[in-house]
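**Student:** Fold the following, please.
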Amino acid sequence: GYADYLAAEVRTNYVAAGSMHILCVSGMHVGIIYLLASFLLGFLNRKKLQKTLKQVLLLALIWFYALIAGLSPSILRASLMISFVIVGEMIRRKGFIINSIAASAFILLCINPNNLFEIGFLLSYAAVMGIVVLQRPIYNLLYVKNKLLDKAWQITAVSLAAQIATIPFTLFYFHQFTTYFWLSNLFMTPISFIVVISGMILLLVSWIPYLNTLVGYLVWGAVYVMNWVVAKIESIPYSIVKGLYVNDFEFAVLLVALLLLMLTFMLRKRRLFIAMLAALMVVMASVTIRLYSSDQQQGMTAFSLRNHTAIDFVRGGEHVLLADSTLMADESTIDFSLKGAWSKRHLSHHPQVLGLEEDYANDHLCKKSNLISFDGKLLALWDGQKLNDSLSYRLPVDYLLVSGKQKPDVQSIVNGYDAKLLLIDGSVPRYLSDKWIAQAQTMGLPYYDIGDGALEIGYY
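**Tutor:** Okay, here's the model as predicted:
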């Protein structure tokens with residue numbers, strides 16, 4: 001489950017293929033451990049006392065595994081649900097799976113209410129609810145006589161059910177959709193099962209010469225095949241669709257639509273399905289309105305990025321990004337910090353990039369030296385250089401941006417510029433921004449610290 005040590009290319013491949021859950025220790029892995037341990041302890045099924053001992057051992061093993069795997073929300077959910085099943089067997093009572101899901105969620109939220117705001121917690125419970133409620137109806141849509149093809153259709157039905165249930169969350173939090181998730185899971189589910197089982201066998205035989213090497217090659221081969229399959233699926237055109245965005249209102253309506261869909265199959269009422277379609281129409285109408293509004297937008301966004309300068313000049317669906325050279329080379333920061341904002345405004349993820357030292361001009365933006373004119377506003381970039389003393393007046397600007405580790409000198413700015421607002425960039429270290437703010441307050445110059453949050457100007 002320690003995916004942080006993976007190469008960036010491997011992580012990208014798994015995300016694009018919709019198989020990132022394979023890399024994270026999840027309920028599937030807990031289930032594999034449970035099934036394997038239950039099989040190995042099958043010799044304890046003869047007498048009542050032996051069965052009780054088996055169930056106690058299973059409980060201990062499941063929670064030991066949960067502990068060493070990090071107690072993530074998905075592991076806790078699966079461990080609690082399997083614990084309910086085991087305890088139910090001990091007292092000879094069969095549980096209702098949806099009640100088990102609800103009970104496990106209730107317990108986890110009692111322990112830590114902040115779990116409700118963890119994306120891992122939400123995705124885990126949404127996926128398992130989707131599988132429980134939607135998998136069977138989806139599977140019943142198609143009858144397959146061939147046993148092998150039928151098994152493949154079962155896996156596909158599980159993938160479709162989980163994906164449908166998690167769509168609102170992936171759109172709202174990640175602004176993307178993996179197209180071939182059904183294809184990747186069709187291959188990855190059995191391969192990952194082999195990886196987990198062979199990995200456990202490797203631990204058991206690690207002290208046996210030659211046999212440990214043989215099993216090690218099996219594990220290596222299974223992992224190699226798994227990575228190869230994911231890379232091939234990721235290389236298919238349009239394997240991942242990015243730039244999808246839903247706002248808070250649309251997210252809430254999508255959740256209502258998902259609930260109505262589940263209730264449709266649980267209660268078998270056509271009216272609920274019609275209500276679900278109506279909710280989806282509301283979402284479509286809202287998205288259409290936002291798309292129309294985005295064609296009319298015009299404004300400037302100064303992003304709050306530590307150690308970086310990034311200012312976006314937006315007009316309609318076009319935008320120019322003013323950025324320092326280090327940010328231009330930092331794709332991970334751009335992906336994590338900027339693309340979400342671009343998706344929100346329906347902007348391209350590949351803008352025209354403008355360096356701090358470059359000059360530039362188009363129909364609505366002009367940059368010359370340290371001055372930028374946009375949408376009738378004038379922005380000056382403070383480079384620490386005082387204006388020519390021959391000027392008999394202070395240069396009027398709407399905004400003056402200070403960045404980097406320059407020595408605070410508001411007096412020089414006031415002497416050379418008639419600025420309406422001083423902008424302190426996120427690239428300014430905190431100890432220097434405090435000095436800029438103190439001097440601005442002393443001089444009576446209005447200021448805004450971008451390090452405390454992005455600034456949007458002029459959007460309408």
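
**Student:** Leaving out the residues flanking it, which one is nearest to Leu202?
**Tutor:** Val215 (4.7 Å; CB to CB, 6 or more residues apart in numbering). Heads up, the C-betas are built off the backbone N, CA and C, glycines and all.

**Student:** quick one, what contacts the one you found?
**Tutor:** Contact analysis of Val215 by CB atoms under 8 Å, 6 or more residues apart in numbering lists Ser198, Ile201, Leu202, Val205.

**Student:** change it to 6 Å
**Tutor:** Residues near Val215 by CB atoms under 6 Å, 6 or more residues apart in numbering: Ile201, Leu202, Val205.

**Student:** Can you verify the second one is assigned to a helix?
**Tutor:** Read that as Leu202. Yes: using DSSP: H, G, I helix; E, B strand; the rest coil, the assignment for Leu202 is a helix.

**Student:** So what's the residue count around it?
**Tutor:** A total of 18 residues lie near Leu202 under the criterion other CB atoms under 10 Å.

**Student:** Report the separation between it and Ile33.
**Tutor:** 15 Å (CB to CB, to the nearest Å).

**Student:** Reformat the contacts of Val215 as TSV; add pLDDT.
**Tutor:** Listed next are the contacts of Val215 as TSV, based on pLDDT from 0 to 100:
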residue	pLDDT
Ile201	87
Leu202	89
Val205	88
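
**Student:** Same list (those residues) but as a markdown table, adding distance to Lys367.
**Tutor:** Listed next are the contacts of Val215 as a markdown table, based on distance: CB to CB, whole Å:
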| residue | distance to Lys367 |
| --- | --- |
| Ile201 | 63 |
| Leu202 | 59 |
| Val205 | 66 |
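
**Student:** Among the residues you listed, which one sits closest to Leu272?
**Tutor:** Nearest to Leu272 among the contacts of Val215 is Ile201, at 47.7 Å by CB to CB.

**Student:** Contacts only, for the closest one.
**Tutor:** For Ile201, the contact set (CB under 6 Å, 6+ apart) comprises Val215.

**Student:** same deal with Ala162?
**Tutor:** By CB under 6 Å, 6+ apart, the neighbours of Ala162 are Ala127, Gly130, Ile131.

**Student:** Surely the residue nearest to Leu202 is in a strand?
**Tutor:** No: membership of Val215 in a strand is not supported by three-state DSSP, which gives helix.

**Student:** picking that back up, which one among the contacts of Ala162 gets closest to Asn227?
**Tutor:** Ala127 (23.1 Å).

**Student:** next helix or strand past the helix or strand harbouring the closest one?
**Tutor:** Assigned by DSSP states H and E, Ala127 falls within helix 119-139. Heading C-terminal from helix 119-139, the first helix or strand you meet, by DSSP H and E, is helix 147-174.

**Student:** Relative to Pro190, how far out is the residue nearest to Leu202?
**Tutor:** For Val215 relative to Pro190 (CB to CB), the value is 18 Å.

**Student:** Tell me the confidence at the most centrally placed residue in the chain?
**Tutor:** Closest to where the C-alpha atoms of the chain average out (CA atoms, centre = their mean) is Phe174, at 4.1 Å. Phe174 carries a pLDDT value of 84.

**Student:** And Gly444, by the same measure?
**Tutor:** 89.

**Student:** Pull the contacting residues for it.
**Tutor:** Gly444 neighbours (CB under 6 Å, 6+ apart): none.

**Student:** Output the helix or strand harbouring Trp63 as PDB, restricted to C-alpha atoms.
**Tutor:** In this structure, Trp63 sits in helix 48-68 according to DSSP H and E. Output in PDB follows, covering the C-alpha atoms of helix 48-68 (Å, rounded to 0.1, in the frame of the first residue of the first chain):
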ATOM      1  CA  LYS A  48     -17.900 -26.500  17.700                       C
ATOM      2  CA  LEU A  49     -15.000 -25.600  19.900                       C
ATOM      3  CA  GLN A  50     -12.600 -25.800  16.900                       C
ATOM      4  CA  LYS A  51     -14.900 -23.600  14.800                       C
ATOM      5  CA  THR A  52     -14.900 -21.000  17.600                       C
ATOM      6  CA  LEU A  53     -11.100 -21.100  17.700                       C
ATOM      7  CA  LYS A  54     -11.000 -20.700  13.900                       C
ATOM      8  CA  GLN A  55     -13.200 -17.600  14.100                       C
ATOM      9  CA  VAL A  56     -11.100 -16.100  16.900                       C
ATOM     10  CA  LEU A  57      -8.000 -16.700  14.900                       C
ATOM     11  CA  LEU A  58      -9.600 -15.100  11.800                       C
ATOM     12  CA  LEU A  59     -10.600 -12.000  13.700                       C
ATOM     13  CA  ALA A  60      -7.000 -11.700  15.100                       C
ATOM     14  CA  LEU A  61      -5.500 -12.200  11.700                       C
ATOM     15  CA  ILE A  62      -7.800  -9.700  10.000                       C
ATOM     16  CA  TRP A  63      -7.100  -7.000  12.500                       C
ATOM     17  CA  PHE A  64      -3.400  -7.700  12.600                       C
ATOM     18  CA  TYR A  65      -3.300  -7.200   8.900                       C
ATOM     19  CA  ALA A  66      -5.300  -4.000   9.200                       C
ATOM     20  CA  LEU A  67      -2.800  -2.700  11.700                       C
ATOM     21  CA  ILE A  68       0.300  -3.400   9.700                       C
END
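
**Student:** buried set for it?
**Tutor:** Lys54, Gln55, Leu57, Leu58, Leu59, Leu61, Ile62, Trp63, Tyr65, Ala66 (16 or more other CB atoms under 10 Å).
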